[in-house]
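>>> Need coordinates for the following:
(chains A, B, C and D)
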Number of protein chains: 2
Amino acid sequence: MAKHLTNKSAVTIKDVANFANVAPSTVSKVLNNAGHLSDETRLRVQDAIRKLNYRPNSIARSLRKNHTRTIGMINNSHTNKNTFVLQLMVGVEEAASQEGFSVFLCNSSASQSKENEYLEVLLDKQVDGIIFLDNVVKERHLPAAHLSNVPLVFLNQYPQEALYPSVIPNDVQGAKLATDHLIALGHKRIGFINGRLKHKASHLRLEGYQAALKAAGLTFDSQLVQGKDIWDEEGGYLSVNDLMALTNPPTAIFCANDPLAIGALDGLRQLGLSVPDDIALIGFDNSLAAAQKRPALSSIEMPFLDMGKLAVKLLLESLEGKVSNTVHKLNCHLIQRSSCGAKMRSSF
Amino acid sequence: MAKHLTNKSAVTIKDVANFANVAPSTVSKVLNNAGHLSDETRLRVQDAIRKLNYRPNSIARSLRKNHTRTIGMINNSHTNKNTFVLQLMVGVEEAASQEGFSVFLCNSSASQSKENEYLEVLLDKQVDGIIFLDNVVKERHLPAAHLSNVPLVFLNQYPQEALYPSVIPNDVQGAKLATDHLIALGHKRIGFINGRLKHKASHLRLEGYQAALKAAGLTFDSQLVQGKDIWDEEGGYLSVNDLMALTNPPTAIFCANDPLAIGALDGLRQLGLSVPDDIALIGFDNSLAAAQKRPALSSIEMPFLDMGKLAVKLLLESLEGKVSNTVHKLNCHLIQRSSCGAKMRSSF
DNA sequence: TGTCCTTAAGAAATCGATTTCCTAATATTA
DNA sequence: TAATATTAGGAAATCGATTTCTTAAGGACA
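Numbering: from 1, shown residues only, chains lettered A, B, ... in the order given. Alright, predicted model coming up:
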């Protein structure tokens, strides 16, 4: 039979007890800093623990204590090629480990049945809580979770019903941030290139763009909003041509994501226009590709790492009995690089 | 006290036993398909299980069975912005879950001390095995792991000492594949743009490029190998200019990664050269950005998903007692898009 | 000095399963 | 028919901790 399945960490609390000439319960008390112990025995036990290289078996401990200090993370996104999932995961893991929790990674590949299977496995494993990452499933389809009392939080999902806490990025604020930046640089005619319209993010980013215009007393010109209902470079390339063909073209362009901005940059170059000297350009996502472009593209960074951390914080709070079903929107950050010509600031 | 910490899945094997009027040991026997049971009691117990919605507590089971059907994955890379880590993780998770294993995600952020902490936590949690992902640590610095008998495998790490099985990509084969493709398309003067020379991948990809040339009877011209000791777009942009300034410039270029290829594409466009009509171009990594470029860049896909799966397979094999310390190199795949003008094939 | 309280530490129960061992009933064989 | 083997199912031990319950010893106080 499997050689490694047996015979793991051989030394148990009993061994320590024998070595230190005390009862197992006494060893447990020094481990948990509980009960009344004399300094002398405490030291003797600690010495035995060190000498025997003893580490308590978490499984046994969990069985008795009725918690595992473990959380499950079910990833429902199907994009293995987007780093934002990784950033969310890293955020979750980092915050969890800081609080002494381990995290189970599950990839449902956006399949409802797989998600339910994972849910049951996690529940069987007695996780203390579960985070749904980029979940596409409606909250009410969580039968197993409802039966048990395990706290849930939703990460990067616009909630359908507010039964559980959730954390999402503030797209509106991010888009406003980008537009404000261009306005602050002195631009008055600012173009907006949008992405896939069936995605909520498109509308939210347009909303932020419009909010910034309004706040600055600039009139909204619908001609300055272009898009090919797609998120990729070609969409940016095509749209920037539309924009520059206007009788009164923009002096700055905000793109709803980085590939669009990269496409726009290519298009502008083709038109013989220089970024940032002739026109300012800013993207959204802060992708690696944006940073590596020449000129390096300014962009909006979404707070994925912090979102992951907040999700854990909220989970731990429900664990402590705080009930909440709030939607938490986290702000984006402006990443200034050379594509907006930020030195314009000095020319005010 | 924490509301959710108690009171989880209330129904235990004892409840089922009571309901079905049998002993807990009998219920266990139907759960594990062991021992001698009459059909009648088996059915009665199964019915009770269904009626009570009973699911066995994995923690209790693990304690008794001395295995957890859980593996740990320690990620040592510090790049949250590269998708290859995500792909490796997804591969590991997918293969593990298929075999009924759950996986703990740990991010050491390339810190040796954090890695050791995670190692101990995982061992405390009684994982059945551990996968080191993109490990920068020398194998011999794994004290806790050596003491316990937990099997280890190294993923995406060039091993220092072959104490454990490891799986890595076949960079040489991948580079040869790219070069072979260009050769098959009729090219005889093929340029190579390399990346950071302190990275092993640079040398391996150069090696593959040279091997392909040699196999095709093409002479190696060192002038055709350029690079700025960097992996990003600017390196590609600069190098392609060097290449095209040659008295006898190449008709095709293989770049050691996709950002280099993207930079090269920009450079060629700037020079008034069309891809693929004037010159063929292929990258390495199969990044999202490469797919989204116009023209879409051909590239080499590294087998990260399969690498992750193989790592799990190897781990499970050690779990079953098969000792092995082999290095497994997995082949890369050619992703044909439009940047090489593959229709040239028909003009032979 | 006797009573009460506090402290130190061990014995035993417990968490929820699995596994070993045992007993009784039934079937098989000589 | 008697001896033996097989089957069904339960009792109890076990995994490795924690927790509750006890007991004994020592200290404080009247």
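>>> Could you look up the SS state of A:D229?
coil (DSSP: H, G, I helix; E, B strand; the rest coil).
>>> Show me chain A divided up by domain.
A:1-52, A:70-164, A:171-302+A:335-347 (automatic domain parsing).
>>> And the ones you listed: which comes nearest DNA strand C?
domain A:1-52 (3.0 Å; C-beta to the nearest atom of the strand). C-betas here are computed from N, CA, C, even on glycine.
>>> if I look at A:Q112, how far off is DNA strand D?
Applying C-beta to the nearest atom of the strand, to the nearest Å, the value for A:Q112 to DNA strand D is 35 Å.
>>> now the domains of chain A as a markdown table including mean neighbour count and mean pLDDT?
Shown next, in a markdown table, are the domains of chain A (neighbours: other C-beta atoms under 10 Å in any protein chain shown; pLDDT from 0 to 100):
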| stretch | mean neighbour count | mean pLDDT |
| --- | --- | --- |
| domain A:1-52 | 15 | 85 |
| domain A:70-164 | 20 | 87 |
| domain A:171-302+A:335-347 | 20 | 93 |
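>>> Turn those domains into CSV, including distance to B:V30.
Formatted as CSV, the domains of chain A follow (distance: least, C-beta to C-beta, whole Å):
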stretch, distance to B:V30
domain A:1-52, 23
domain A:70-164, 17
domain A:171-302+A:335-347, 49
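>>> out of these, nearest to B:M307?
domain A:70-164 (13.2 Å; C-beta to C-beta).
>>> what about that closest one and DNA strand C, any contact?
No: judged by C-beta under 7 Å from any atom of the strand, domain A:70-164 stays clear of DNA strand C, getting no closer than 8.6 Å.
>>> how about the residues of chain A near DNA strand D?
Residues of chain A lying near DNA strand D (C-beta under 7 Å from any atom of the strand): A:12-14, A:24-25, A:27-29, A:31-32, A:34-35, A:56-57, A:60-61, A:63-65.
>>> so which of those residues are also by chain B?
Contacts with chain B within the residues of chain A next to DNA strand D, counted by C-beta under 8 Å from any C-beta of the partner chain: A:P56, A:N57, A:A60, A:L63.
>>> Helices - which of the residues you listed land there?
Among these, DSSP state H puts A:A60, A:L63 in helices.
>>> Could you pick out the buried ones from the ones next to chain B among the residues of chain A next to DNA strand D?
A:P56, A:N57, A:A60, A:L63 (16 or more other C-beta atoms under 10 Å in any protein chain shown).
>>> from what I can see the third one touches B:L63, true?
Going back to what we said before, that points to A:A60. Yes: look at A:A60 against B:L63 with C-beta atoms under 8 Å: they come within range, at 5.5 Å.
>>> For chain A, which segments count as helices?
With DSSP H as the criterion, chain A has helices spanning A:13-20, A:24-32, A:39-52, A:58-65, A:83-98, A:112-124, A:143-147, A:171-184, A:200-215, A:233-244, A:258-270, A:288-292, A:304-319.
>>> From the contact counts, what lies against the first one?
What that stands for is helix A:13-20. Judged by 3 or more C-beta pairs under 8 Å, 6 or more residues apart in numbering or on different chains; DSSP states H and E, helix A:13-20 is in contact with helix A:24-32, helix A:39-52.
>>> Indicate which one of those is closest to A:D232.
Per C-beta to C-beta, nearest to A:D232 of the helices and strands packed on helix A:13-20: helix A:24-32, 56.4 Å.
>>> which helices and strands sit right next to that closest one?
Using 3+ C-beta pairs under 8 Å, 6+ apart: helix A:24-32 touches helix A:13-20, helix A:39-52.
>>> From the chain's centroid, how far away is the shortest one?
Spelled out, that is helix A:13-20. Distance of helix A:13-20 from its chain centroid, counting by C-alpha atoms, centre = their mean, to the nearest Å, is 45 Å.
>>> between it and helix A:24-32, how big is the angle?
Inter-element angle recorded for helix A:13-20 and helix A:24-32: 100 degrees (by axes from the mean of the first three to the mean of the last three C-alpha atoms, to 10 degrees).
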